[in-house]
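**Student:** Predicted model follows, preceded by the sequence.
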Amino acid sequence: MVNIDANGSELLGFTVTSGAASQGSGIYASDQVTIANCIITGNGYTGTGTGAGIYCADNSEVTISTCTITGNSITGDASQGAGVYCGSSSTVNFTDCTITGNTITGDESHGAGIYASASSELSLS
């Protein structure tokens, strides 16, 4: 798991795989950060979880560009965002990303690709 949480921080050109955590198995992002040219794959959690690929914390501003987010999974009831979870009042900007092949299972679970919580703001291009 990668934790990127200082304003202005950047994670550039990495492959993030095999992480396991209830929040952000692959990447936990908070504050104003950039994730670019990364592959986020093969991260997962068994149990109630959020953001197996990328977890964007409440009130964060995250830019995700030219990334592939694939093959991440959560298996647990009331889980959210196997690919990407966008927390409350977060702003998440996606540019030139591929989000595919993520899975989520369990009762009341949502968002195999992206889950955007209340008052989050997404930009997809």
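**Tutor:** That came through fine. Numbering: from 1, shown residues only.
**Student:** same for the one helix or strand Ile69 maps to, what does it pack against?
**Tutor:** In this assignment (DSSP states H and E), Ile69 forms part of strand 68-70. The helices and strands touching strand 68-70, judged by 3 or more CB pairs under 8 Å, 6 or more residues apart in numbering; DSSP states H and E, are strand 39-41, strand 98-100. C-betas here are computed from N, CA, C, even on glycine.
**Student:** Could you export those as TSV, including mean neighbour count and distance to Ile64?
**Tutor:** Output for the helices and strands packed on strand 68-70, formatted as TSV (neighbours: other CB atoms under 10 Å; distance: least, CB to CB, whole Å):
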stretch	mean neighbour count	distance to Ile64
strand 39-41	22	9
strand 98-100	15	9
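**Student:** residues contacting the residue lying closest to Asp96 once chain neighbours are set aside?
**Tutor:** In this structure, Asp96 finds its nearest non-sequential neighbour in Thr66, 4.7 Å apart by CB to CB, 6 or more residues apart in numbering. By CB atoms under 8 Å, 6 or more residues apart in numbering, Thr66 lies in contact with Ala36, Asn37, Thr95, Asp96, Cys97.
**Student:** Which one of these sits in the busiest neighbourhood?
**Tutor:** Cys97 (21 neighbours; other CB atoms under 10 Å).
**Student:** List the contacts of it.
**Tutor:** Applying CB under 8 Å, 6+ apart, the residues contacting Cys97 are Ile64, Ser65, Thr66, Cys67, Thr68, Ile69.
**Student:** One more: Ala78?
**Tutor:** Thr48, Gly106, Asp107, Glu108, Ser109.
**Student:** Which two of those have the greatest separation?
**Tutor:** Thr48 and Asp107 (10.4 Å; CB to CB).
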